[in-house]
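A.B. asks: what follows is a predicted structure for the sequence shown.
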Amino acid sequence: MAEQKQEKKKHGIVKRILKWIGLSILTLIILLALVIEAPKKIVILLLIILATFTALPRPARKWFWLSVGAVVLLLIIWIFLPENNEGWQPYQYSFDKELQKLQTQYSIPPEENAAILYNQLMERYDANDYYIIDVVDWDSDTFDKIFRNPWRSEDYPEITDGLKHIQGAIDTLIEISEIKQCIFPINDPYSPSDRNSAFRRWARLLVIAINNDIAEGRVDKAIQKFAAILQMSRHQYKQPTLIDFLNGIAVESIALYHFNRIIIERKALDEHLNIIEKASQDIKDDWNSIYANTLEYDKLQAAIELANYYEINAKGRIRLSRDPWAQLRSNFAELQEDTEIDIEQINPAITDFLYPSYLKRKLTKAETILHWFIMPSDPEKAATILYTCMDNYYFMAEPDFDWKKQPQEVDPFNTWSNLYRLMFYNTHIEQLIADKCVESNYRLHDTYLRTLTMRRGSRLLLAIKQYYNQHSDWPPDLESIKSAAPAEAFIDPVTGNQLQYENHGERFSLYGETANIWPK
């Protein structure tokens, strides 16, 4: 009997020790949550649990936990109930003030704005008018011959007729290339994706026409069209949106590829080279100005992404979205329908995103419960927090910012490493969106530097061909053309090292550590 009492006493001591250890840990977690300003609802929940074990009478505790169990059961039932989303729309932030500010900042008189003519061109011709591009299978020999190589009209009468049909667009693009300023209105009737499709279509059209001009000896006209493609990329660099900037890179890459072939493989006279040199000089190596232009618009785009977490109905009632990615999924579906591109073939992993399974949909709905604890109920307040987070990155637009120091990799939203941060950091989801923007800007900067390498390489190819025209031979080394090109043209901007040149007799190679400018 005494042994049983002793054993029971020991069991009670161990139980009390474990209880106080648990309460101490819980208290420390609450103190930590208060210090790091965890979401208020999380702190309140922790305080309720602490009060249950300390202040609530023992007989009442079982009723409390029964109530908690009932709530959990109801939430589980709610998760698996069919969702009625009728009348609910994604929340839209009011950006009138911000848009007006940007509109004023980038205002240009209509007569000096190339964007007006670009928009008129989009209105005048639709995608069907550019059948010259669509009739060619992009994987076929015909495409390789007319897009990558010079071609004669008599060999491709159908393509020749297509060029005549769309000659008005070609003439307009050449006319637009004489205008330096270009800013599309923030509330432009055409979205950036619409414009970018049009710009890529125009660039391909001009390349096909350039190759026809070269084959038939119209070098002057070919160079004129080449200058128009360069100006198209320059115009896109002036926009405050990252998507326009990326498309500017794509258009410039098309121009540089054909620019290099015109210079080296064709009998370009010095007067032609001078025209090309003048056309390419206006594109400045000015990342900081380009990046600074995108910051304000970047904030608006991030706020739009944050708005996916909220929904609003006709009565003005706001709730957390049951599926924050529904709008993005819808945008992908529209893109797939409009472009007739099988996005799933490009990236098979996107199938799970576009067509989530039943279990995935229910898990996404369950995340709404977590969002209720960690996110402000007022979406405007969430946007204000996001703006504050993004303002911390304005120093990246400073000229002396070190882009070589890579940022810490941002984990995906749905990882365990982010789960505890979501629980205990009051502004984590807003900070996470801001960090994702910064991470994408680093990748964008890398892409810009690689394009800049090709741009500088093209400038050196120009000097190399000028040397060839004078000496009937390729230069023995880069030192021979040192005075014919700017000093920065010899440097690979990705590595900071000098570009490499080799004379192989009848041919040569020009390359850097990250780019093969003229094949080895």
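C.D. replies: That came through fine. Just so you know, these numbers come straight off a predicted model, no measurement behind them. Numbers count the residues shown, from 1 in each chain.

A.B. asks: which residues in this structure form strands?
C.D. replies: Remark: strands assigned in the chain by DSSP state E are 89-90, 310-312, 318-320, 500-503, 508-511, 516-518.

A.B. asks: make CSV out of these and add distance to N113 and mean neighbour count.
C.D. replies: C-betas here are computed from N, CA, C, even on glycine. Listed next are the strands of the chain as CSV, based on distance: least, Cβ to Cβ, whole Å; neighbours: other Cβ atoms under 10 Å:
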stretch, distance to N113, mean neighbour count
strand 89-90, 32, 14
strand 310-312, 36, 21
strand 318-320, 39, 15
strand 500-503, 41, 16
strand 508-511, 38, 18
strand 516-518, 34, 18
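
A.B. asks: dump those into TSV; add distance to D155 as well.
C.D. replies: TSV is the format used below for those (distance: least, Cβ to Cβ, whole Å):
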stretch	distance to D155
strand 89-90	52
strand 310-312	58
strand 318-320	62
strand 500-503	35
strand 508-511	31
strand 516-518	28
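
A.B. asks: quick one, which of those strands is nearest to S24?
C.D. replies: strand 318-320 (34.2 Å; Cβ to Cβ).

A.B. asks: other residues contacting the closest one?
C.D. replies: With Cβ atoms under 8 Å, 6 or more residues apart in numbering as the test, strand 318-320 has contacts from 88, 91, 309-312, 368, 371-372, 375, 377-379.

A.B. asks: switch the cut-off to 7 Å
C.D. replies: 91, 309-312, 368, 371-372, 375, 379 (Cβ atoms under 7 Å, 6 or more residues apart in numbering).

A.B. asks: quick check on these: which are buried?
C.D. replies: Among the contacts of strand 318-320, the ones that count as buried by 16 or more other Cβ atoms under 10 Å are 91, 309-312, 368, 371, 375, 379.

A.B. asks: hmm, back to that, same list (the strands of the chain) but as TSV, adding mean pLDDT and distance to P486.
C.D. replies: Output for those, formatted as TSV (pLDDT from 0 to 100; distance: least, Cβ to Cβ, whole Å):
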stretch	mean pLDDT	distance to P486
strand 89-90	84	49
strand 310-312	89	51
strand 318-320	89	55
strand 500-503	92	16
strand 508-511	92	16
strand 516-518	87	16
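
A.B. asks: out of those, which is closest to F401?
C.D. replies: Of all the strands of the chain, strand 516-518 sits nearest to F401, with 27.1 Å by Cβ to Cβ.

A.B. asks: tell me which of the strands of the chain lies nearest to Y291.
C.D. replies: It is, among these and with distance given as Cβ to Cβ, strand 516-518, at 24.8 Å.

A.B. asks: which residues touch that closest one?
C.D. replies: Against strand 516-518 from outside (Cβ under 7 Å, 6+ apart): 260, 264, 454, 457, 461, 508-511.

A.B. asks: reformat those residues as JSON lines; add distance to A70.
C.D. replies: Formatted as JSON lines, these follow (distance: Cβ to Cβ, whole Å):
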{"residue": "N260", "distance to A70": "72"}
{"residue": "I264", "distance to A70": "78"}
{"residue": "M454", "distance to A70": "65"}
{"residue": "G457", "distance to A70": "70"}
{"residue": "L461", "distance to A70": "75"}
{"residue": "F508", "distance to A70": "80"}
{"residue": "S509", "distance to A70": "75"}
{"residue": "L510", "distance to A70": "74"}
{"residue": "Y511", "distance to A70": "70"}
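
A.B. asks: among those, which two are most distant?
C.D. replies: The widest separation within those (Cβ to Cβ) is 16.6 Å, between M454 and F508.

A.B. asks: give the contact list for F199.
C.D. replies: Taking Cβ under 7 Å, 6+ apart as the test, what F199 contacts is 232, 236, 247, 251.

A.B. asks: same thing but at 6 Å, please
C.D. replies: Counting by Cβ atoms under 6 Å, 6 or more residues apart in numbering, F199 makes contact with 232, 247, 251.

A.B. asks: just to revisit the earlier point, now the contacts of strand 318-320 in CSV, with distance to W151?
C.D. replies: Below are those laid out as CSV (distance: Cβ to Cβ, whole Å):
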residue, distance to W151
Y91, 53
Y309, 53
Y310, 54
E311, 54
I312, 56
T368, 58
H371, 58
W372, 63
M375, 58
P379, 56
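
A.B. asks: narrow the residues you listed to those in helices?
C.D. replies: Using DSSP state H, the subset of the contacts of strand 318-320 located in helices is 368, 371-372, 379.

A.B. asks: quick one: those as CSV, columns for distance to I385 and pLDDT too.
C.D. replies: Formatted as CSV, the ones in helices among the contacts of strand 318-320 follow (distance: Cβ to Cβ, whole Å; pLDDT from 0 to 100):
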residue, distance to I385, pLDDT
T368, 19, 86
H371, 14, 82
W372, 16, 83
P379, 11, 85
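
A.B. asks: for these, which one is nearest T160?
C.D. replies: Taking the ones in helices among the contacts of strand 318-320 together and measuring to T160 by Cβ to Cβ, the closest member is P379, at 55.9 Å.

A.B. asks: not counting sequence-adjacent ones, nearest residue to that closest one?
C.D. replies: Y310 (4.4 Å; Cβ to Cβ, 6 or more residues apart in numbering).

A.B. asks: run through the bridge partners of that neighbour.
C.D. replies: Judged by DSSP bridges, the bridge partners of Y310 are L320.

A.B. asks: correct me, but it touches E380?
C.D. replies: No. Contact between Y310 and E380 fails when scored by Cβ atoms under 6 Å: they sit 9.8 Å apart.

A.B. asks: what's the neighbour count on E252?
C.D. replies: 26 (other Cβ atoms under 10 Å).

A.B. asks: quick one: distance of stretch 296-316 to the chain centre.
C.D. replies: 18 Å (Cα atoms, centre = their mean, to the nearest Å).

A.B. asks: hmm, I typed the wrong one, I wanted stretch 149-169.
C.D. replies: 35 Å.

A.B. asks: ok so, going back, just put the buried ones among the contacts of strand 318-320 in TSV and tack on distance to I146.
C.D. replies: What follows is those, written out as TSV (distance: Cβ to Cβ, whole Å):
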residue	distance to I146
Y91	48
Y309	48
Y310	50
E311	50
I312	51
T368	53
H371	53
M375	54
P379	51
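
A.B. asks: closest one of those to I44?
C.D. replies: M375 (15.0 Å).

A.B. asks: the closest one and L510: what is the separation?
C.D. replies: Using Cβ to Cβ, to the nearest Å, one gets 53 Å for the distance from M375 to L510.

A.B. asks: in the chain, what helix or strand scores lowest on average pLDDT?
C.D. replies: helix 416-424 (a mean of 47; mean pLDDT, DSSP states H and E).

A.B. asks: about what we covered before: pick the one among the buried ones among the contacts of strand 318-320 closest to N503.
C.D. replies: Set against N503, the nearest of these by Cβ to Cβ is Y309 (59.9 Å).

A.B. asks: go ahead and confirm that closest one touches A326.
C.D. replies: No. Applying Cβ under 6 Å, one finds Y309 not in contact with A326, separated by 11.0 Å.

A.B. asks: look up how far D391 lies from R443.
C.D. replies: For R443 relative to D391 (Cβ to Cβ), the value is 21 Å.

A.B. asks: ok, the two, which is more surrounded?
C.D. replies: D391 (12 against 9).

A.B. asks: where does the stretch 101-250 of the chain have low pLDDT?
C.D. replies: Within the stretch 101-250 of the chain, the segments meeting pLDDT under 70 span 101-103, 105, 127, 131-141, 143-144, 186-191.

A.B. asks: what pLDDT does the model give the nearest residue to S233 once chain neighbours are set aside?
C.D. replies: Spatial nearest neighbour of S233, excluding adjacent residues (Cβ to Cβ, 6+ apart): E252 at 3.7 Å. Looking at E252, its pLDDT is 86.
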